[in-house]
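# Sequence plus predicted model, see below.
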Amino acid sequence: MAWNLLVGQSGGPTAVINASLAGVYESAKALGASHVYGMQYGIEGLLEGRLVDLDAQLGDKMAIELLKRTPSSFLGSCRRKLPDPAVNEQPYKQLFALFRQYEIGAVLYTGGNDSMDTIAKLAAYGAAQNSEIRFLGVPKTIDNDLVGTDHTPGYGSAAKYIATILKEVICDASVYDIRSVTVAEIMGRHTGWLAAAASLSAGSDCEGPDIVLLPESVFDTDMFLQRVAELAARRHNVIIAASEGVKDRDGTFLCDLVSTAGQLDAFGHKAVLSGTSRYLADLIRVRLGCKTRAIEFSTLQRCASHLASRTDITEADQVGGAAAEAAFRGETGKMCGIRRISDLPYRTETELVDVAAVANREKAVPLEWITPDGMHLNAAFERYARPLIQAELTPIYINGTPQHIHLKTE
C-alpha cells in the first residue's frame, strides 16, 4: 500500500519501548509503507507539527540493533490528554489536517492506559469523519496494569531489574552483625505488579524479601509492626519491598504522610509518589527501636536496559510488528495484546483487542495471588511472572559502556 505510517511514544518510558518501535518500523517497511514518520514528543509534539523521518534515522541494521538496546523513548514522550471532540474539536481538525498533509494511512501509538485513550478517541473521530486512516495501540508500561493483554511489554525488564537489584541489596544488608531493617520502595501508583516482582529475587541462594506490601492490600500499622518485630526477633536483617502506592485504611497514601506535595498529571493521576520507604523506615525506627534504611529504586526500574529481559524485548518487538501488520490489513480502533498459551513451556501469541475496552482501566494483581495476611505473594504469581524475566540481550559495549542510539535533530 503506497501510504505513510506515523508512530508515536507516550507516557513513562521503559527499557523495551524502543524494541516496539523497531518492530513497527521493520514491519511497515517490509509491507511496503512509502515512509515511516515518528511523532517527536508524542501527540503533543505532533500538534506542533514536529515529525521526524524515521527512514533517515533507522535506515541500517546497526541502528535497529542499537534501538532495541536503548532505554527510554527514542522519539520523546508526553502526557497530553486529548479533549472530548464534542467539547473541543480543534485539536482533531489540526491532527487530521496533518495526516492529510503527510499522506498518513495509519497511526500507531505506543503507551499505557492513557495512550490507549488517545487512540480510542482518534479512531472514533476518524470513523465519524469517514476517514480511512487506521489507528492502532501498541501496549507499553512497566506497571503491567493494562487490561486486554496477559502482560505488558516493559514489565518483564522492570521486574528483572527489581528482582536482581533487591537480591544484591539483600547481600549488602547482611554484611554487618547488626539488627537492621531495610525498606525498598518500588514504583506502582495503584497496582502492585512491580513490588510483587521483588518476590522473584528468592531462589536457592536467597530467601528474597520478608515482606512485600502492595496497593491491593490495605496497610494495617499494628499488624505490620507486629510482623516486623517477630522477624527482627529471630534474624538480624529484615528486608521489606513496598509499593510507592501503599495506602492505609483511610485510603491515604503513606507517602502523603511524609509529604503532601504530589501534583496531578493531565489524566488526574498523582504525578509524584515518593516517601513510602522513608515513612516505613521512620515508623519502624521510632516504634521498634531498630536501625533502618530506606532505598528508592525510582526511575532506575524503567531505564536499566543492561538488565532487560530478552523475552520482554522479543515480545515488545512482536507487538509493534503485529500492530503494523494489522494496520495494513485494515484494522483500526484496536490494541495489539499478548495472549498466553502456556506457562511451561512458556508460549504466547499476539491478538487484537478493542482499544476502547482498554483505555482508562487498570488491572490489579489478583487477590488470590496475595497471601492471606496481605504481606507477600504465593506460587501462582511466580508461575505467572518468572517466564517474563528470562534471558538477556547483551549490550553493545563501546569504550567500556553500553552504546545507545539517539534521535538526530537539526
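That came in fine, so what should we check first?
# Can you report how many residues neighbour Ala356?
17 (other CB atoms under 10 Å). C-beta here means a position set from N, CA and C on the backbone, and glycine is covered the same way.
# quick one: it from Ala127, how far?
As judged by CB to CB, to the nearest Å, Ala356 and Ala127 stand 11 Å apart.
# so what sits against both of these two?
Shared contacts of Ala356 and Ala127 (CB atoms under 8 Å, 6 or more residues apart in numbering): Gly333.
# what about the strands in the stretch 301-410 of the chain?
Remark: strands assigned in the stretch 301-410 of the chain by DSSP state E, counting those that start in this stretch are 334-342, 347-354, 397-398, 401-402.
# Is Asp145 part of a helix or strand, or is it coil?
Recorded secondary structure, Asp145: coil (DSSP: H, G, I helix; E, B strand; the rest coil).
# which ones are touching it?
By CB under 8 Å, 6+ apart, the residues touching Asp145 are Gly112, Asn113, Thr152, His190, Thr191, Trp193, Glu362, Lys363, Ala364.
# Which parts of the chain belong to which domain?
4-141+307-361+392-402, 155-303 (automatic domain parsing).
# This protein: helices as residue ranges?
Assignment of helices within the chain using DSSP state H yields the ranges 17-30, 42-47, 54-57, 61-68, 90-101, 113-128, 155-173, 193-196, 221-234, 276-288, 300-303, 310-329, 379-385.
# And the ones you listed: which comes nearest Tyr397?
helix 61-68 (11.8 Å; CB to CB).
# Could you list the buried residues of the closest one?
For helix 61-68, burial by neighbour count (16 or more other CB atoms under 10 Å) applies to Ile64, Leu66, Leu67, Lys68.
# ok, those residues vs Arg383, which is closest?
Nearest to Arg383 among the buried residues of helix 61-68, with distances taken as CB to CB, is Lys68, at 27.7 Å.
# Mind pulling up the pLDDT for the closest one?
Here the pLDDT value assigned to Lys68 is 98.
# Please report how far the nearest residue to it once chain neighbours are set aside lies from Tyr279.
Closest residue in space to Lys68, ignoring its immediate chain neighbours: Ala19 at 4.7 Å, by CB to CB, 6 or more residues apart in numbering. Distance of Ala19 to Tyr279, computed by CB to CB: 36 Å.
# Can you pick out the residue with more neighbours from the two?
Ala19 (31 against 21).
# wait, what's in contact with that one?
Leu67, Lys68, Pro153, Asp312, Ile313, Thr314, Ala316, Asp317, Gly320.
# how far away is it from Ala308?
To Ala308, Ala19 is 9 Å away according to CB to CB.
# next one: Pro209
In terms of CB to CB, Pro209 sits 22 Å off from Ala308.
# pretty sure Arg383 is in contact with Ser342, am I right?
No. If you go by CB atoms under 8 Å, Arg383 and Ser342 don't touch, sitting 10.9 Å apart.
# More neighbours: which of these two?
Arg383 (12 against 9).
# now Val212: how far from Thr141?
The value you get for Val212 to Thr141, if CB to CB is used, is 20 Å.
# would you list the domains of the chain in a markdown table and tack on distance to Pro372?
Output for the domains of the chain, formatted as a markdown table (distance: least, CB to CB, whole Å):
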| stretch | distance to Pro372 |
| --- | --- |
| domain 4-141+307-361+392-402 | 24 |
| domain 155-303 | 10 |
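# Any idea which of those gets closest to Glu368?
Of all the domains of the chain, domain 155-303 sits nearest to Glu368, with 10.9 Å by CB to CB.
# Okay, now the closest one: how far is its last residue from its first?
Domain 155-303 has an end-to-end distance of 12 Å (CA to CA, to the nearest Å).
# ditto for stretch 241-255
End-to-end distance (CA to CA), stretch 241-255: 14 Å.
# Quick one: closest of the strands of the stretch 301-410 of the chain to Asp172.
strand 401-402 (23.4 Å).
# Direction included, what does the closest one pair up with?
strand 397-398 (antiparallel) (DSSP bridges).
# any chance of the helices of the chain in CSV, plus distance to Gly76?
Shown next, in CSV, are these (distance: least, CB to CB, whole Å):
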stretch, distance to Gly76
helix 17-30, 11
helix 42-47, 7
helix 54-57, 13
helix 61-68, 14
helix 90-101, 17
helix 113-128, 14
helix 155-173, 20
helix 193-196, 24
helix 221-234, 41
helix 276-288, 29
helix 300-303, 14
helix 310-329, 17
helix 379-385, 30
